[in-house]
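In: what follows is a predicted protein model with its sequence.
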Amino acid sequence: MNATLDLQNRKFIDIQNVEQTFKTAKGPFQALRDINLTVAKGEFVALIGHSGCGKSTLLSLIAGLTMPTQGTLLCANKEIGGPGPERAVVFQNHSLLPWLTCYENVYLGVERVFGPTENKAQLKARTEAALALVGLTPATHKRPGEISGGMKQRVGIARALAMEPKVLLMDEPFGALDALTRARLQDELLAIVQKTQSTVVMVTHDVDEAVLLSDKIVMMTNGPSATIGEVLSVELARPRNRVELAEDPAYVHYRKAVIDFLYTRQGHVEKAA
Ligand SMILES: Nc1ncnc2c1ncn2[C@@H]1O[C@H](COP(=O)(O)OP(=O)(O)OP(=O)(O)O)[C@@H](O)[C@H]1O
């Protein structure tokens, strides 16, 4: 690989000196300051920190849903100036259109990205493949009201993946799910990401989720004026198996490092771990 391309891949997402201040009725509120972060192509990054520290604010900036008050965000060497199909977002509330079937919800995203260049049969094939990838072929013609929370979340993931984004941005995608469904979806996500080699940035409150899934855990200090406190590289071999990892000393070490940061160094305890 040539040196320029290598550098570009290592800095696939490049966040430079970002600050975000909101105008509020009580005056300016600085949510984030001095955010510097790079995400390599194919890397899985978790953003973790106490409630209100600015994780969703940072994800929105990468998604291009909001603009920083200072600093620059680049994706593949281009400044992020707004939302784009190369950066798909999966929210906690899965944001499906309730009057459309699972198929139609996914098709909508596929059509937006590939409609101008592909025919209907190709769009249909893409939609069906995405639903199959998350194990939802049997629910193809059901509406969101007829399926479980975990299945809805899988439709959201299928819709995002079907758009073949370069970057998958996830804001606590499994936060509202019960522990067993959450574990199953984490395993599915691990397998899918392994297959698609996607670059992922995921907001989470869950220490185990962060260690199990990530190559890098970005730990944020408490707000206001939150910033990145520490970045932990998780060098656990893939594919990862949650049962085997539970007793792996390296896993236990990473888990403890995150808990130490959240509980000991960033004070208050609620919602962590
Ligand atoms: N549009 C806005 N206007 C004013 N303040 C905002 C706005 N959006 C976010 N904030 C504030 O910025 C801070 C960071 O919010 P953000 O939602 O990013 O935190 P978070 O870490 O994702 O929280 P949680 O884990 O609870 O979801 C909070 O204090 C929040 O109240």
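Out: Thanks, I have it.
In: show me which residues of the stretch 101-250 of the chain sit near the ligand.
Out: Gly223 (Cβ under 6 Å from any ligand atom). Heads up, the C-betas are built off the backbone N, CA and C, glycines and all.
In: all helices for the stretch 1-150 of the chain, in order.
Out: With DSSP state H, counting those that start in this stretch as the criterion, the stretch 1-150 of the chain has helices at 3-10, 55-63, 102-114, 120-133, 149-162.
In: which of these sits most buried?
Out: A comparison of the helices of the stretch 1-150 of the chain by mean neighbour count, using mean count of other Cβ atoms under 10 Å, puts helix 149-162 on top with a mean of 24.
In: mean pLDDT added to the helices of the stretch 1-150 of the chain, as JSON lines?
Out: Output for these, formatted as JSON lines (pLDDT from 0 to 100):
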{"stretch": "helix 3-10", "mean pLDDT": "80"}
{"stretch": "helix 55-63", "mean pLDDT": "96"}
{"stretch": "helix 102-114", "mean pLDDT": "94"}
{"stretch": "helix 120-133", "mean pLDDT": "94"}
{"stretch": "helix 149-162", "mean pLDDT": "89"}
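In: let's have the ones you listed in CSV, adding distance to Ile228.
Out: CSV is the format used below for the helices of the stretch 1-150 of the chain (distance: least, Cβ to Cβ, whole Å):
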stretch, distance to Ile228
helix 3-10, 17
helix 55-63, 9
helix 102-114, 31
helix 120-133, 32
helix 149-162, 25
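In: go ahead and confirm Asp171 touches His205.
Out: No - using Cβ atoms under 8 Å, Asp171 makes no contact with His205, being 11.1 Å away.
In: which neighbours do the two share?
Out: Common contacts of Asp171 and His205 (Cβ atoms under 8 Å, 6 or more residues apart in numbering): none found.
In: would you indicate which residues of stretch 180-192 are buried?
Out: Residues of stretch 180-192 classed as buried under the neighbour-count rule (16 or more other Cβ atoms under 10 Å) are 181-183, 185-190, 192.
In: how far off centre is the longest helix along the chain?
Out: Counting by DSSP state H, the longest helix found in the chain is helix 179-196. A distance of 13 Å separates the centroid of the chain from that of helix 179-196, by Cα atoms, centre = their mean, to the nearest Å.
In: next SSE downstream of that helix?
Out: strand 199-203 (DSSP states H and E).
In: rounded mean pLDDT for whichever helix or strand comes after that following strand, please.
Out: Per DSSP H and E, the first helix or strand lying C-terminal to strand 199-203 is helix 207-213. The pLDDT scores in helix 207-213 average 96.
In: what residues does the helix or strand just after helix 207-213 touch?
Out: Note on helix 207-213: by DSSP H and E, the next helix or strand toward the C-terminus is strand 216-220. For strand 216-220, contacts defined as Cβ under 8 Å, 6+ apart pick out 37, 39, 43-50, 53-55, 58, 210-211, 226-234, 254, 258, 261-262, 266.
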